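A.B. asks: Sequence unavailable; structure follows:
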């Protein structure tokens with residue numbers, strides 16, 4: 001894994017300085033909009049609460065399955081549990097993404113002198129939980145279905161060689177579609193948060209945005225997700241060690257220990273990425289807002305505009 005990361009870093013070495021500049025720019029914006037960190041912390045608390053509820057159900061199901069040793073409906077229940085976890089996780093995550101994007105939009109459109117007059121966090125949270133909630137749930141559903149189907153096809157082991165080959169091809173296609181849809185969704189949710197538009201209309205606006213050559217170059221050269229992924233992996237490894245220890249203490253079989261360890265890795269990465277998503281959401285919102293109103297950044301925030309101009313040197 002470390003070798004793969006090293007090779008990939010070598011391939012993108014000419015974009016590392018741009019990525020570092022974007023992370024620093026995002027941090028400088030988040031410092032002036034500190035409520036975004038509170039939103040990320042609140043999302044993390046909700047993720048932990050949902051993880052506790054979902055994990056309790058999974059542990060109870062595992063204990064019952066091990067006691068009865070009955071395979072009736074096993075994979076169907078696993079699929080339902082996977083769907084429920086991924087969908088709820090995505091909804092909570094995207095609510096946080098929309099709130100942070102709205103907070104950054106308030107910073108972008110508000111001069112520094114009058115920014116302290118009102119806090120946009122409560123209004124953004126209320127809008128995300130009311131008028132924009134349908135768009136968030138609807139957009140999260142597509143990712144949820146693709147990720148659940150991908151996990152389900154990976155778990156299937158039975159079948160002849162031809163069926164296994166089809167399964168591998170289907171898994172590869174689902175993973176590719178999942179990555180493209182998640183990339184598209186992030187920018188669509190920024191439009192939902194900032195302009196309070198419906199999901200389908202936000203998708204059209206995002207498609208129009210991606211056809212703009214200049215901003216598309218800046219987006220393609222953005223590897224902050226890769227940098228944040230490294231931090232998420234560290235959190236996932238620590239959580240997998242804890243999950244392995246707990247499953248051994250509870251005397252589960254080796255298969256369940258491996259399952260809980262892998263699940264702990266994925267869950268730990270999910271929770272770690274939740275905290276780091278504030279930086280990612282900030283940069284994505286900045287791209288969208290800069291594409292829509294590029295002159296406002298220079299007029300209202302000259303310091304950040306200077307950093308952004310320095311970051312994109314050599315990209316466009």
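C.D. replies: Cool, the structure landed. Computed from a predicted structure; not experimentally measured.
A.B. asks: which residue ranges form the strands in the stretch 51-200 of the chain?
C.D. replies: Using DSSP state E, counting those that start in this stretch, no strands are found in the stretch 51-200 of the chain.
A.B. asks: where in it is pLDDT low?
C.D. replies: Applying pLDDT under 70 to the stretch 51-200 of the chain picks out residues 66, 68-74, 112-118, 143-168, 170-183.
A.B. asks: mind listing the helices for it?
C.D. replies: When secondary structure is read from DSSP state H, counting those that start in this stretch, the stretch 51-200 of the chain shows helices at 74-109, 121-129, 133-155, 161-195, 199-210.
A.B. asks: and the second one with helix 74-109, angle?
C.D. replies: Just to be clear, that refers to helix 121-129. 140 degrees (axes from the mean of the first three to the mean of the last three Cα atoms, to 10 degrees).
A.B. asks: helices or strands up against helix 121-129?
C.D. replies: Applying 3 or more Cβ pairs under 8 Å, 6 or more residues apart in numbering; DSSP states H and E, we find helix 121-129 packed against helix 35-68, helix 74-109, helix 161-195. To be clear about C-beta, it is placed using only N, CA and C from the backbone, and glycine gets the same treatment.
A.B. asks: 7 Å - rerun?
C.D. replies: With contacts defined as 3 or more Cβ pairs under 7 Å, 6 or more residues apart in numbering; DSSP states H and E, helix 121-129 has these neighbours: helix 74-109.
A.B. asks: Kindly calculate the angle that the helix it packs on makes with helix 35-68.
C.D. replies: Orientation note: helix 74-109 sits at an angle of 180 degrees relative to helix 35-68 (the same axes, to 10 degrees).
A.B. asks: residues of helix 74-109 that come out buried?
C.D. replies: For helix 74-109, burial by neighbour count (16 or more other Cβ atoms under 10 Å) applies to 78, 82-108.
A.B. asks: Do you know the pLDDT at residue 226?
C.D. replies: On the pLDDT scale, residue 226 is placed at 79.
A.B. asks: Now it, what are its backbone angles?
C.D. replies: Main-chain torsions, residue 226, degrees, to the nearest 10: phi -70, psi -40.
A.B. asks: Please tell me how far it sits from residue 140.
C.D. replies: 23 Å (Cβ to Cβ, to the nearest Å).
A.B. asks: Compare these two and say which is more crowded by neighbours.
C.D. replies: Neighbours were tallied for residue 226 and for residue 140 using other Cβ atoms under 10 Å; the higher tally belongs to residue 140 (23 against 15).
A.B. asks: Isn't the more buried one up against residue 90?
C.D. replies: Yes: between residue 140 and residue 90 a contact is recorded at 3.9 Å, counting by Cβ atoms under 7 Å.
A.B. asks: Name the residues of the longest helix that the chain contains that are buried.
C.D. replies: Counting by DSSP state H, the longest helix found in the chain is helix 254-292. By 16+ other Cβ under 10 Å, the buried positions in helix 254-292 come out as 256-257, 259-261, 263-265, 267-292.
A.B. asks: Show the pLDDT at the nearest residue to residue 92 once chain neighbours are set aside.
C.D. replies: Counting by Cβ to Cβ, 6 or more residues apart in numbering, residue 92 lies nearest to residue 46, which is 5.1 Å off, once chain neighbours are set aside. Confidence at residue 46, expressed as pLDDT, is 89.
A.B. asks: Check the gap between residue 46 and residue 275 for me.
C.D. replies: Residue 46 is 12 Å from residue 275, by Cβ to Cβ.
A.B. asks: what's the answer for residue 229, then?
C.D. replies: To residue 275, residue 229 is 13 Å away according to Cβ to Cβ.
A.B. asks: Repeat that for residue 258.
C.D. replies: Counting by Cβ to Cβ, the separation of residue 258 from residue 275 is 27 Å.
A.B. asks: repeat for residue 81
C.D. replies: 25 Å.
A.B. asks: With residue 64 instead?
C.D. replies: To residue 275, residue 64 is 34 Å away according to Cβ to Cβ.
A.B. asks: pretty sure residue 265 is in contact with residue 240, am I right?
C.D. replies: Yes: here residue 265 reaches residue 240: they are 3.8 Å apart, a contact under Cβ under 7 Å.
A.B. asks: what do the two both touch?
C.D. replies: When Cβ atoms under 7 Å, 6 or more residues apart in numbering defines a contact, no residue borders residue 265 and residue 240 alike.
A.B. asks: Buried ones in stretch 19-27, by neighbour count?
C.D. replies: Within stretch 19-27, the residues scored as buried using 16+ other Cβ under 10 Å are 19, 21-23, 25-26.
A.B. asks: same check, this time on stretch 240-247
C.D. replies: Going by neighbour count (16+ other Cβ under 10 Å), the buried part of stretch 240-247 is 240, 243-244, 247.
A.B. asks: so how far is that stretch off the chain centroid?
C.D. replies: Chain-centre distance of stretch 240-247: 24 Å, with Cα atoms, centre = their mean, to the nearest Å.
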